[in-house]
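S.K.: Provided below are the primary sequence and the corresponding predicted coordinates.
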Amino acid sequence: MIDAAWLNPVIAFSIGILLSFKLRKISARVQSRRGPLIWLPDRWHDINRSKVLQPLYDIIKLFSKQTIIPSTATPFFIAGPILALMCAVLATLFVPVAGISFDYSFSLVVLFYLLMGEILFIIMGGISSASLFSAIGGVREIDLMLANEIPFILGTFALAITFDTLSIQQMMGFNILINPFAALAVLLSIIVKLHIKPFDIPEADTEIVNGLTTEYGGKLLGVLETARIIMVFVLIALFVDLFLWIPSSGALAWVIFLAGVIATGVLIGFMNSLFARFRIDQATRWLFKIPLLVSVLAIGWAVLWRYVL
Amino acid sequence: MSKPHLNLIIREIKADTLGEEVSDLLEKGARMIYTSGVDMGVRGIQVNYYFCFDHHEPSQHTILRTYLDRKNPVIHSVTPVTSQADWSERELIEFLGITVEGHPNPTHLWLPLDWKEIYTGEKPVAHPDTERINTAPPVKPLKDNIVTLPLTTIPYGPYHPAFIESNYLKMSVEDEVVRKADLKLGFNHRGIIKLMERRDYYKDLFLAERVCGICNTHHSLSFAMSVEDLAAVEVPQKAQMARTLLCEMERIQSHLLSIGLIGDLTGFRTMLMHAIRIREEMQDCLEVVSGQRVTHGLIALGGIRRDITENQTDFILSKLKIMKKSVPQFFDQCQSNDVLMGRLKDVGILKRENALKSGAIGPVARGSGLRIDVRKNSPFAAYEDVDWDIVTENGCDCLARIKVKMRETLMSMHICEQCCDKIKIAPSSLAAKVNELPCGETISRSEAPRGELLYHVVSNGTNTPAFVRIRVPTFINARIMLELIHGCWLADVPAIISSVDPCYSCTDRVTIFKGKEQSIVDMRSLGGRR
């Protein structure tokens, strides 16, 4: 018997493509542009066609290109993106898609390691290119990660305290009502992990060209893009599972799950186009102030309900 | 006969008394605008020092002039007296081969930093068959005098997302804090000044327009004004009004673009897109008036080339009515974005006294609370006939400079409305006739969107100018930008760059081609290696 959860990476990639399209479309509409087109009449097909799959075309294009490896790069330059993609793919197996996933009593901890590993492998690949911009991008990424992991871990552990388990399947539910502070803390740290606008500091194009991915091109950049698209889905789906899930099965589960993913995706899309970029010191200061406070509140809230009341 | 619109005193002095004369003028409150050098043949190399007093007394200008021996041109530097002469003197060193004694930093600005080491001694020889000069990079590895600190060096450029135009900014950083920065120009070098010397005045007008894409009317207007001063013609009232209208329309579109760009460079792409959307209304107006979106070609010697009809003014007025709503709304939205304001506030602080000392001009000066604006100080076109005032802010940081631009945009819209109303009732004469030009020389200044613009035109009685010298606003402001970059965060560099809003294409054009060293610049040696 093959578990249905083996399909999760494929689902993650396809929904990730649609989410990326959605992010582009939303930011275009906020910027009073047309954005990638959804539909065009047949007679206009010579001019343009539907661009719903444009993120996929971009990746296919990258895979058809020559990969240039800088002479200063170490072998980690190639290993980094591949290991990052592996972490991202493995992470999809532990995030329930419409309630389907591998589940152990400690799957939340496994997920933590995989999500952190993805970022660390990208940093490893980037800084081994010996590019100055990548080095600065790597430093910024580590700064952000150090400030950001605490609210993320505290926010999810608040749920673990409430449900007295470390299994994601068992703590799924409409928990935004049970612990709104945890939901806020996790949402904020997901935004930071995805480099949504006030926090796109590690890849600030006007400051450090493209940060960690400056030297990447061709197939390796395609791998990185694939990992990024999967991560967009993984983190959004994790938020939906933990906070917006209504227990159900079959087709209804898919409807609820997709509705949650789209709602979160739209929210993130709007955030992406409505902010300027933080400076790294401002960002870390902000992260140590508000999300940390919120996540400590979330833990306190969970402890209060679990043990005191 | 009309009197020239600027009061110009030219004093010829000895080269050795230069330092005292300059400090004398500076004590009287003058600003040093520019230093230019011209190879005058038998008379030697003419060096002009331009001063203006117009922020104290309207329209007062002085040129100190000295002649240097062509065989051994040596001059004492005035940069220790005033840093305003810094880049001008480096220009003299590079393009005329003048030895400036006592210059604190006599490195190259346009040419490669180790120009002398590469090219002195062995002159480039033409190949006997092909008659080509070998411009291959030198075998000896290049030295770079920027990287003297044992720190990481970040290169910005020649192509970098923070620059719209190519130039090369090199910064030594220590944990994201910039310790030392140097700027390298010379990538857009076109030698327009030299081209002007061999075309007649009517063609030069359009050549001047090509100096800069975004403030082209101001360039052609300044050139036209200096030629009109030479020919002593009176420009008709309608033409004056139309020129004012064009200048202000150009200022609106330029300021909107630069406000949008500061958003883009701090990661706020939405702001840029909306700025461009609003700016499109103004571009439509310019297209209706002149037929072009970028180079308008509407200024003629003695007036304007084409009439601005009542239909066109009505169109502009209707567009201005739309903009009166959308522009303040856009500015309010920008200023209510906390993240953006946090990025701009207290970043790149230029104190009032520093701004005065380093000769800041344009929005940079006005953002530090200086009332420096050529439109008021030495009025040109019809700025005396319309109701407006200089916009200043006292914040001294990037935010203040942006606010100045925002309020100036609104002020420009106010001026445009008045001009449109006045053009309708002005007498219909469009241009005065410019006949023969006598020998003589004159300078003219105008307030381009980025600051004051200086044209020095010398006529020798023929149909081509003897020489033209141009000082563009970025020439001063880019040096101030470098001072602001010292000690700031790497992430603040794009914000500072865009708040100063340099236009390197303008600046690169200033280069002087005359002199001994012909231009054989190996672009590969300009950067990249350590």
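M.R.: The structure has been received and is ready for your questions. Numbering: from 1, shown residues only, chains lettered A, B, ... in the order given.
S.K.: and chain A, which of its residues are near chain B?
M.R.: Residues of chain A lying close to chain B (Cβ under 8 Å from any Cβ of the partner chain) are A:27, A:30-33, A:132-133, A:135-136, A:139, A:197-198, A:200-201, A:204-209, A:273-282. In this view, the C-beta of every residue, glycine as well, is placed from N, C-alpha and C.
S.K.: Please indicate which of the residues you listed are buried?
M.R.: A:27, A:30-31, A:132-133, A:135-136, A:139, A:197-198, A:200-201, A:204-209, A:273-280, A:282 (16 or more other Cβ atoms under 10 Å in any protein chain shown).
S.K.: before we move on, back to that, which ones among the residues of chain A next to chain B map onto helices?
M.R.: The helices, defined by DSSP state H, take in A:27, A:30, A:132-133, A:135-136, A:139, A:205-208, A:273, A:280-282 from the residues of chain A next to chain B.
S.K.: who are the neighbours in contact with residue 266?
M.R.: I'll assume chain A. Neighbouring residues of A:Val266 by Cβ atoms under 8 Å, 6 or more residues apart in numbering or on different chains: A:Lys22, A:Ile26.
S.K.: wait, chain B
M.R.: By Cβ under 8 Å, 6+ apart, the residues touching B:Thr266 are A:Thr206, A:Ala276, A:Arg277, B:Leu340, B:Arg343, B:Leu344, B:Pro494, B:Ala495, B:Ser498.
S.K.: now do A:Ile230
M.R.: Per Cβ under 8 Å, 6+ apart, neighbours of A:Ile230: A:Pro9, A:Ala12, A:Phe13, A:Gly16, A:Leu85, A:Ala88, A:Val89, A:Ala91, A:Thr92.
S.K.: Excluding covalently adjacent residues, which one is nearest to B:Arg407?
M.R.: Closest residue in space to B:Arg407, ignoring its immediate chain neighbours: B:Val391 at 4.5 Å, by Cβ to Cβ, 6 or more residues apart in numbering or on different chains.
S.K.: Phi first, then psi, for the residue of the stretch 1-150 of chain A at minimum distance from chain B.
M.R.: Minimum separation of the stretch 1-150 of chain A from chain B (Cβ to the nearest Cβ) falls at A:Gln31, amounting to 3.7 Å. Note on A:Gln31: its backbone torsions stand at phi -90, psi 10 [degrees, to the nearest 10].
S.K.: That one and B:Thr270 touch, don't they?
M.R.: Yes. A:Gln31 sits in contact with B:Thr270 when judged by Cβ atoms under 8 Å, with a separation of 4.9 Å.
S.K.: Identify the contacts common to the two.
M.R.: A:Ser273.
S.K.: in what helix or strand does the closest residue in space to the residue of the stretch 1-150 of chain A closest to chain B that isn't next to it in sequence lie?
M.R.: Closest residue in space to A:Gln31, ignoring its immediate chain neighbours: B:Met273 at 3.7 Å, by Cβ to Cβ, 6+ apart. If you go by DSSP states H and E, B:Met273 is part of helix B:269-290.
S.K.: Mind listing what's buried along that helix?
M.R.: Within helix B:269-290, the residues that count as buried by 16+ other Cβ under 10 Å are B:269-279, B:281-283, B:285-286, B:288-290.
S.K.: Also stretch A:242-249?
M.R.: Neighbour-count burial for stretch A:242-249 flags A:Leu242, A:Phe243, A:Leu244, A:Trp245 (criterion: 16+ other Cβ under 10 Å).
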